[in-house]
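Enquirer: Provide a 3D model corresponding to the input given below.
(one chain, ligands or ions: 1)
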Amino acid sequence: MTTVVGAAIVRDGKLLAQQRAWPSDAAGKWELPGGRVEPDESEVDALRRECAEELDAAISVGERVGPDVPLPGGKVLRIYAAVLDAAAEPRAVEHRDLRWLGPADLEPLDWLPADRVLIPDLAALLQ
Ligand SMILES: Nc1nc2c([nH]c(=O)n2[C@H]2C[C@H](O)[C@@H](COP(=O)(O)OP(=O)(O)OP(=O)(O)O)O2)c(=O)[nH]1
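Expert: Coordinates of the predicted model:
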């Protein structure tokens, strides 16, 4: 089964989200940094690689957050808490925009559908 890992990066009580630029049906929607775990790659290594590619930032990965969320095509979305390494300042390398979200910003955001399931768990990280 294909696992897509996502990083719930929290800094100063805010969660980092990124806005997709592609494909057309997902463009403009918001998600957590991450992507597909490659064969022979650990989930933590995949998260670190994806954050380096997408954010140009190094992270440290912590505990699992929330349930596995089924994705179309038999994939599953699995989230881990993460923090930016010291002095890392993320930038949108492949994405349209980045945003730091406070608790009140989670519900109104135009998330990818699977991510909406995780809103209560993401909100709990910000308390
Ligand atoms: N990264 C990420 N992907 C998500 C989230 N929610 C969600 O439904 N997805 C979906 C969108 C995509 O169908 C899939 C991940 O695709 P991706 O394009 O980010 O990952 P990738 O670079 O490894 O993909 P690929 O080029 O190998 O196809 O998971 C999320 O919060 N973060």
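Enquirer: use CA for all of it now, contacts and neighbours both
Expert: Noted.
Enquirer: downstream of the lengthiest strand in the chain, the next helix or strand is which one?
Expert: Ranked by residue count, the top strand of the chain under DSSP state E comes out as strand 59-71. On the C-terminal side of strand 59-71, the nearest following helix or strand under DSSP states H and E is strand 75-84.
Enquirer: counting contacts, what elements does that following strand pack onto?
Expert: Counting contacts by 3 or more Cα pairs under 8 Å, 6 or more residues apart in numbering; DSSP states H and E, strand 75-84 is packed against strand 3-11, strand 59-71.
Enquirer: closest one to the ligand among these?
Expert: The ligand lies closest to strand 3-11 among the helices and strands packed on strand 75-84, at 4.9 Å (Cα to the nearest ligand atom).
Enquirer: after that closest one, next one along is what?
Expert: strand 14-19.
Enquirer: ok, that next one: who's next to it in the sheet?
Expert: strand 3-11 (antiparallel), strand 30-31 (antiparallel), strand 97-101 (antiparallel) (DSSP bridges).
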